[in-house]
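1. Model the structure of this input:
(one chain, ligands or ions: 1)
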Amino acid sequence: MFMGIMGAKAQMKADFKVVPLPNRIVENTKGSQAFPLGNVCTIACPADQPQMVRNAHFLAEYLKQQTELTIPVNAKLHKGDRYIKLALNKKITAPEGYRIKVEPTLITIEGSTPQGVFYGIQTLRKALPIADAGQIEIPLVTIDDAPRFKYRGMHLDVGRHFFSIDFVKRYIDILALHNVNTFHWHLTEDQGWRMEIKKYPRLTEIGAWRKGTVIGRNTGIYDHRRHGGFYTQEECREIVKYAQERYITVIPEIDMPGHMIAALAAYPELGCTGGPYEVERMWGVFDDILCAGKEETFKFATDVLDEVMQVFPSEYIHIGGDEAPRTRWKACPLCQKRIADEGLHADGKHSAEDYLQSYFTKRIEQYVNSKGRKIIGWDEILEGEIAPSATIQSWREVKDGLRAAEQGHDVFFSPNSTLYFDFYQYPETNWSKPLLIGGCSTLEHVYAFEPCPENISEAAKNHIIGVQGNLWTEYIKDEELAEYQVLPRMGAAMETGWTQPEKKNYSDFKNRQHRLFDIYRLYGWKYCTEAWRENK
Ligand SMILES: [Zn+2]
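-> So this is what the prediction gives:
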């Protein structure tokens with residue numbers, strides 16, 4: 001509200017102090033000199049490079065949406081014309097780095113890769129106010145920028161609640177604005193299996209649908225409304241392409257051996273007891289998981305992963321591995337036989353069943369590696385004997401993630417205490433609506449998270465590859481709430497992922513967010529302003 005009363009004139013100047021904050025901005029403006037955006041004749045780019053041409057069209061589209069200017073791509077230039085030039089520059093060493101140079105008649109955006117240029121475009125776009133007819137002055141600056149971390153992820157759980165393909169694209173648009181480069185798509189859950197697998201059609205015929213959903217926080221009362229949906233492989237490919245165009249890698253997650261009840265409902269023979277099972281209507285961690293004693297389980301898992309790897313070209317495949325209770329495995333003769341056959345024994349640190357999960361993970365990892373890919377798992381895969389080349393998603397205790405980094409695993413952090421965006425954004429005293437899972441991670445709290453503490457070894461620091469925000473959707477039933485939960489916290493997390501820590505400052509960050517909010521409003525994205533209310 002406070003920002004709203006600032007004069008319209010003040011907002012007509014571009015401001016490169018965006019979110020995430022560029023690492024180096026040098027102002028060259030002398031006197032009143034600036035680049036007037038309204039007079040731009042064209043966006044010039046190498047016409048023989050499809051990614052650069054696409055970048056140019058993205059910029060043209062953003063400018064149209066934000067300023068109502070229609071600027072052609074690669075139109076003919078005349079002497080003295082003002083224009084924006086996109087180019088590759090191999091002198092820029094960081095693979096995602098870019099340089100923006102604003103001169104009185106020319107804006108140059110360069111990167112060592114088209115991806116770097118794309119981030120330069122995002123910075124320029126975020127620097128602009130929302131204004132009609134493009135009456136915007138762009139100050140003369142030179143920006144040299146590159147991200148601090150190579151992994152900047154956002155997650156979306158489509159298992160607990162199904163989200164449409166259109167929303168997934170919208171979500172990817174939001175990610176692109178925040179310089180996110182990885183979309184972790186959590187595709188399977190106890191409450192719904194969401195990806196078409198041609199070899200196992202019942203996964204989506206049966207596993208994608210539940211009879212109802214529990215009302216409130218696991219009250220035991222159900223709404224009796226059938227809920228579900230799934231993505232065809234064609235739709236998944238469409239998402240991969242949509243994300244790729246925005247330099248975002250989609251990492252699919254098929255969570256195993258736990259969180260598999262939807263699959264067990266479809267193929268009960270894969271469980272220890274043989275069922276029957278029903279697609280879950282409650283939330284939580286359930287005892288029924290894949291049987292690690294049966295060979296059919298491994299056949300199933302590798303068949304599914306074959307189709308997943310055909311659809312998703314990502315280097316990494318997320319195989320979950322979290323929250324797999326040992327209850328069924330302890331009582332299952334086949335699982336116990338496997339433990340005996342493999343010579344797995346409890347020791348002071350872990351149970352024989354913990355080692356059975358390691359056995360499971362290693363077999364799956366070897367299979368994925370044999371196809372030229374690598375696995376990511378939740379930090380539970382550290383229990384038992386650790387899978388050698390796995391990347392760890394640290395979600396529980398940060399110290400465990402740091403230990404994995406010390407052991408030589410690549411690690412990225414999405415601690416539930418901080419980067420779980422299904423939590424409230426304000427303290428408990430304010431909790432009323434909407435009903436959420438609980439917890440609290442304020443914008444400031446998210447902003448303060450530091451994944452790479454001083455007191456770890458240099459070697460370990462090199463294994464900390466980034467941060468990720470997670471959106472679990474037990475209580476997030478609709479698109480608007482999904483947006484509200486991730487915005488503006490995504491901006492705080494991604495500033496940690498992008499900007500060097502010595503440049504970070506929370507109150508400065510809060511001021512810089514207002515222009516981002518203008519963009520959210522322009523696109524109709526819902527966001528939370530609680531962080532502004534609590535200080536007033
Ligand atoms: Zn079993």
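
2. Which residues are in contact with the closest residue to residue 280 other than its chain neighbours?
-> Closest residue in space to residue 280, ignoring its immediate chain neighbours: residue 190 at 4.0 Å, by Cβ to Cβ, 6 or more residues apart in numbering. Yep, even glycine has a C-beta here, placed from its N, CA and C like the rest. Counting by Cβ atoms under 8 Å, 6 or more residues apart in numbering, residue 190 makes contact with 159, 259-262, 279-280, 286.

3. Identify the residues contacting the residue of the stretch 1-150 of the chain found nearest the ion.
-> Ranked by Cβ to the ion, the top residue of the stretch 1-150 of the chain for proximity to the ion is residue 150, at 38.9 Å. When contacts are counted by Cβ under 8 Å, 6+ apart, residue 150 touches 95-96, 181, 465-466.

4. any chance of the residues you listed in TSV, with distance to the ion and secondary structure too?
-> Shown next, in TSV, are the contacts of residue 150 (distance: Cβ to the ion, whole Å; DSSP: H, G, I helix; E, B strand; the rest coil):
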residue	distance to the ion	secondary structure
95	45	coil
96	45	coil
181	39	coil
465	35	strand
466	36	strand
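
5. Just the buried subset of these, please.
-> For the contacts of residue 150, a burial check counting by 16 or more other Cβ atoms under 10 Å picks out 96, 181, 465-466.

6. so can I have TSV of the residues you listed showing pLDDT?
-> As requested, those are exported to TSV (pLDDT from 0 to 100):
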residue	pLDDT
96	98
181	98
465	98
466	98
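
7. and the two most separated of the residues you listed?
-> 96 and 465 (12.9 Å; Cβ to Cβ).

8. Near the ion, which residues of the stretch 251-400 of the chain? Just list them.
-> Within the stretch 251-400 of the chain, the positions lying close to the ion (Cβ under 5 Å from the ion) are 272, 291, 293, 332, 334-335.

9. rerun at 6 Å
-> 272, 291-293, 329, 332, 334-335 (Cβ under 6 Å from the ion).

10. Just these: which are in strands?
-> Under the assignment DSSP state E, these contribute nothing to strands.

11. Looking at those, which is nearest residue 424?
-> For these, the nearest to residue 424 is residue 329 (35.4 Å; Cβ to Cβ).

12. got a list of what the closest residue to the closest one other than its chain neighbours touches?
-> Nearest residue to residue 329 in three dimensions, chain neighbours excluded: residue 335, at 4.2 Å (Cβ to Cβ, 6+ apart). Neighbour list for residue 335: 272, 291-293, 328-329, 353, 356 [criterion: Cβ under 8 Å, 6+ apart].

13. Give me the phi and psi angles of residue 493.
-> phi -60, psi -40 (degrees, to the nearest 10).

14. Residue 261 now?
-> phi -70, psi -30.

15. just residue 138 next, same as before
-> phi -110, psi 120.

16. Counting neighbours, what do you get for it?
-> Neighbours of residue 138 under the rule other Cβ atoms under 10 Å: 22.

17. next one: the one 4 residues further on
-> Using other Cβ under 10 Å, residue 142 has 15 neighbouring residues.

18. helix/strand/coil for it?
-> What DSSP: H, G, I helix; E, B strand; the rest coil gives for residue 142 is strand.

19. mind listing what residue 404 touches?
-> So residue 404 contacts 379, 382, 386, 392, 394, 411, 463 (Cβ under 8 Å, 6+ apart).

20. Settle this for me: the first one is touching residue 390, isn't it.
-> No - between residue 379 and residue 390 there is no contact under Cβ atoms under 8 Å: 10.3 Å.

21. before we move on, could you check phi and psi at whichever residue of the stretch 101-250 of the chain sits closest to the ion?
-> The minimum distance from the stretch 101-250 of the chain to the ion, using Cβ to the ion, falls at residue 190 (17.3 Å). Residue 190 adopts backbone torsions of phi -60, psi -30, taken as degrees, to the nearest 10.

22. and residue 235, helix, strand or coil?
-> Following three-state DSSP, residue 235 is assigned to helix.

23. Give me the neighbour count for the closest residue to it other than its chain neighbours.
-> Nearest residue to residue 235, sequence neighbours excluded (Cβ to Cβ, 6+ apart): residue 165, at 5.2 Å. Residue 165 has 15 neighbours, counted by other Cβ under 10 Å.

24. can you pull the contacts of residue 165?
-> So, once contact is read as Cβ under 8 Å, 6+ apart, residue 165 ends up touching 231, 235, 238-239.

25. And the residue nearest the centre of this protein?
-> Nearest to the mean C-alpha position of the chain, by Cα atoms, centre = their mean, lies residue 154 at 1.3 Å.

26. Quickly note the distance from that one to residue 508.
-> As judged by Cβ to Cβ, to the nearest Å, residue 154 and residue 508 stand 23 Å apart.

27. cool, and residue 363?
-> In this view, residue 363 and residue 508 are 49 Å apart by Cβ to Cβ.

28. For these two, indicate the residue with more neighbours.
-> residue 363 (16 against 12).

29. Now that one. Nearest residue, chain neighbours left out?
-> Residue 363 sits nearest to residue 298 (Cβ to Cβ, 6+ apart), 6.1 Å away.

30. same thing with residue 220?
-> With sequence-adjacent residues excluded and distances taken as Cβ to Cβ, 6+ apart, residue 220 is closest to residue 214, at 7.1 Å.

31. Can you name the residues that contact the nearest residue to residue 195 once chain neighbours are set aside?
-> Sequence neighbours aside, residue 187 is the residue nearest to residue 195 in space, at 4.7 Å (criterion: Cβ to Cβ, 6+ apart). Each residue near residue 187 by Cβ under 8 Å, 6+ apart is listed here: 158-159, 193-195, 231, 252-254.

32. now residue 187: how far from residue 445?
-> 29 Å.
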